[in-house]
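[1] With the input below, show me the fold.
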Amino acid sequence: MHINDAWYFPLQLRIVAGAMVPISVALASPHPVLAIFLMLGALLVLSSYYGFSIDLTTRTYCEYTSWLGMKVGQPKKFESVVHLFIKPMRVSRTYNLRGNSTTIHDTEYDGYLRLSGNTVIHIFRASRKEKVVKRLNELKAYLGTEVVDHTEMRSTGS
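    Below you'll find the predicted structure:
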């Protein structure tokens, strides 16, 4: 099972890369070498992400980075899946506008997978707990484990 965890590049850079695609097409005739480099750079930015795969039959997992569809990462062995869990995380964002700044404190939720040997793997983050619970419940059936809610310290089923 493959899980796309997060984009490698920030949103602003992905937006710029998306704009580079039509620009590189327009430059293809007068400047083909420049167009090729722009297109490759844009495709690299748009297709790069962090991911995770787990194979229960061979008992291996791999945290990887995908570059233009090629996954780079080393598979590792595990003995058993312990559980999935949700953990809250306090975040602060500071916004600055013409000399004034405002800091907003909020809680985001992270979903993790705990394997034997105390190995913990980050699966998903969202600002709403319901999104993380939904994503972990989708994995629960495949992994045959329970989801433990560390925000309230209770189990959400097995």
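
[2] So for the helix or strand containing R135, what gets flagged as buried?
    Applying DSSP states H and E as the criterion places R135 in helix 129-143. By neighbour count on 16 or more other CB atoms under 10 Å, the buried set for helix 129-143 is K129, V132, V133, R135, L136, L139, K140, L143. The C-beta positions use only the backbone N, C-alpha and C, and glycine is treated the same way.

[3] Now for the residues you listed: which two are most distant?
    K129 and L143 (19.9 Å; CB to CB).

[4] how about low-confidence regions in this structure?
    Within the chain, the segments meeting pLDDT under 70 span 5, 153-158.

[5] What residue in it is the furthest from its centre?
    In the chain, counting by CA atoms, centre = their mean, P30 sits farthest out from the average C-alpha position, at 38.6 Å.

[6] Figure out the length between the terminal residues of stretch 115-132.
    Here the two ends of stretch 115-132 are set 19 Å apart, with distance taken as CA to CA, to the nearest Å.

[7] Tell me the buried residues in that stretch?
    For stretch 115-132, a neighbour-count test (16+ other CB under 10 Å) marks L115, I121, I123, F124, R125, K129, V132 as buried.

[8] got the domain boundaries for the chain?
    Using automatic domain parsing, the domains assigned to the chain come out as 2-72, 79-155.

[9] now the helix or strand harbouring F85 and helix 129-143, what's the angle there?
    Under the criterion of DSSP H and E, F85 resides in strand 81-97. Between strand 81-97 and helix 129-143, the angle comes out at 150 degrees (axes from the mean of the first three to the mean of the last three CA atoms, to 10 degrees).

[10] Cheers, nothing more for now.
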